[in-house]
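K.L.:
Fold the following, please.
(one chain, ligands or ions: 1)
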Amino acid sequence: MSYSVCKFGGSSLASAELFEETRRIIDSDKSRKYIVVSAPGKSKEYKYKVTDLLFNVARDGNHKVDGIKMELNRGESAAEIISIYTKIMTDMGLTPEMREPIIDGLKKDFSKTFSDQDKKEAYFASRGEHYSARLMHLYLNHKGMKASLALPEDCGLLLTGHPTNAAFDVSCADYVKAKLSALPGIIVVPGYYALLKDGTVAVLPRSGSDISQTFVAHAVNASRCENFTDVDGIARANPKIVPEASQIKEICFDETRELAHLDSKVPAAALPHLIPHRIPFYVKSTKNPNGDGTIVCSDRMVPAEERIAGVSSKKKYAVINISRLLLNEDLGVDAEISRTFSDLGILIEHIPSGIDTLSVVFEKKYIEKPGLLNELERRLQEKVPGADIIMKEEMAQVVVAGRGMRNHHDVASRTLSALAKEKIKPLMLNMGASDISFFIAVHENSADEAVRAIYKEFF
Ligand code: ASP
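P.N.:
Modelled structure (predicted):
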């Protein structure tokens, strides 16, 4: 039989009612065997996601959500987490005996001490998914569905890297497959966390349950992934910027990666585990599980008239422009410049260049650490003596992507005239030979308008 690996996001698990909707979705299709769960998300009663509350406990009340310090202190956050799980379990009709292990477990976790702050944050952050999975397992069995719990610590799911920003260690896939295949019934797996080789609990980047889902799909060689969330599928532009943006029915992995690279709603980081096996990834709404949703897959027929699949954007970029006469004849200078950035842990996104100039584009977050920008400029000056080094910030990147652009000559010209009509000046352009996407840098203040203008031009 071919199996689906389903993932339910925090918005599908924020109340007992939502757990029940989720249960019905699982029950309605016998191929839905592997269930990856996130931590409960925000709800009408609770303003914060459980994961943010957990980070706030680990950071003694100093955690920020979207750059704003949370309104709760450590103790209030811990109390809120207990209250969220208690409410869900009470509303589910679970008896006090059934609720007790979860609440006791949380209380014990909150009293744990750590000597390493990163390990402490990873451990605390992981608890949302840990208890969510235990609860889902409990609830499915309570409702008469046969389910097994596969905690990463028991089924051999391994991560590698930094405890709060890890990645799957692909060498564990066969072992995980053997372990999971031996379990009866529906298999519930917590997303977002697993163990490092030395037994330390580590977490993936935020929203990492999507990555857990695709890694499990890769390990068990699933026939599809179904990602249940609060939207009907992937939109052609971020609906917060273009509320009328239409849904994409079918899109390829490469197109999604280009768009997703800039727009976190699309699970770009999750797709690499699926691509070699051509496992399709469906994005569906928990509220409308029988709807078409969006299918992300290896290949598709691109309609003749289609020019682009979508447009996305991201703010908070900076660029360092390096200029010096005869820069183009300085063999290896670009490699030296790249190395200077990587030595300081700065991930470069693009390097558009002229003859005597070279611009390095990266996310501003990398230079927020005090002293880092100064150090970067000092090292660059050393590597390229006599160069003018100028930094510009407040930049956004807009990407226009889709396989359709290969079949049309006018995608770039129409994009630029759409911007010109709105008096938006492109600050930089970047177009590779893949003919599947191009990037335009604009001032942060114009980014949303740029996305709207491009969307209107093509859809
Ligand atoms: N709960 C984690 C987060 O909020 C991971 C996830 O939801 O995928 O980022």
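K.L.:
which non-adjacent residue is nearest Leu149?
P.N.:
Beyond its immediate neighbours in the sequence, the residue positioned closest to Leu149 (Cβ to Cβ, 6 or more residues apart in numbering) is His137, lying 4.1 Å away. All C-beta spots, glycine's among them, are computed from the backbone N, C-alpha and C.
K.L.:
pretty sure that neighbour is in a helix, no?
P.N.:
Yes. His137 sits within a helix when classified using DSSP: H, G, I helix; E, B strand; the rest coil.
K.L.:
Spell out which residues of this protein are next to the ligand.
P.N.:
For the chain, the residues in contact with the ligand (Cβ under 6 Å from any ligand atom) are 10, 38-39, 49, 51, 128, 191-192, 206-209.
K.L.:
what about the residue in the stretch 251-400 of the chain positioned nearest to the ligand, how many neighbours?
P.N.:
Among all residues of the stretch 251-400 of the chain, Pro267 sits closest to the ligand, at 9.2 Å; criterion: Cβ to the nearest ligand atom. Using other Cβ atoms under 10 Å, Pro267 has 24 other residues around it.
K.L.:
Kindly provide the distance from Asp40 to Ile320.
P.N.:
Residue 40: Pro, not Asp. Using Cβ to Cβ, to the nearest Å, one gets 42 Å for the distance from Pro40 to Ile320.
K.L.:
meant to ask about Phe341
P.N.:
Separation of Phe341 from Ile320 (Cβ to Cβ): 9 Å.
K.L.:
list the residues that contact both of those two?
P.N.:
In terms of Cβ atoms under 8 Å, 6 or more residues apart in numbering, Phe341 and Ile320 are both contacted by the residues 360, 362, 376.
K.L.:
what's the distance between the closest residue to the last one other than its chain neighbours and Phe8?
P.N.:
In other words, Leu376. With Cβ to Cβ, 6+ apart as the measure, Leu344 is the residue that lies nearest to Leu376, at 5.8 Å, once sequence neighbours are left out. Between Leu344 and Phe8 the distance, using Cβ to Cβ, works out to 39 Å.
K.L.:
Give me the phi and psi angles of Asp334.
P.N.:
phi -60, psi -40 (degrees, to the nearest 10).
K.L.:
can you offset everything so residue one is 59?
P.N.:
OK, 59 is where the count begins now, so the last one is Asp392.
K.L.:
give the contact list for it.
P.N.:
409, 411, 416.
K.L.:
who wins for neighbours among those?
P.N.:
Neighbours here mean other Cβ under 10 Å. Within those, the largest count is held by Leu416, at 22 neighbours.
K.L.:
could you point out which element follows the helix or strand harbouring it?
P.N.:
Assessed by DSSP states H and E, Leu416 sits inside strand 415-421. Scanning the chain past strand 415-421 towards its C-terminal end, the next helix or strand to appear is helix 430-441 (assignment: DSSP H and E).
K.L.:
what mean pLDDT would you report for that following helix?
P.N.:
The average pLDDT for helix 430-441 rounds to 96.
K.L.:
list the helices and strands the helix or strand hosting Ser141 packs on?
P.N.:
Assigned by DSSP H and E, Ser141 belongs to helix 132-150. Helices and strands in packing contact with helix 132-150 are listed as helix 74-85, helix 108-116, helix 154-168, helix 175-200; criterion 3 or more Cβ pairs under 8 Å, 6 or more residues apart in numbering; DSSP states H and E.
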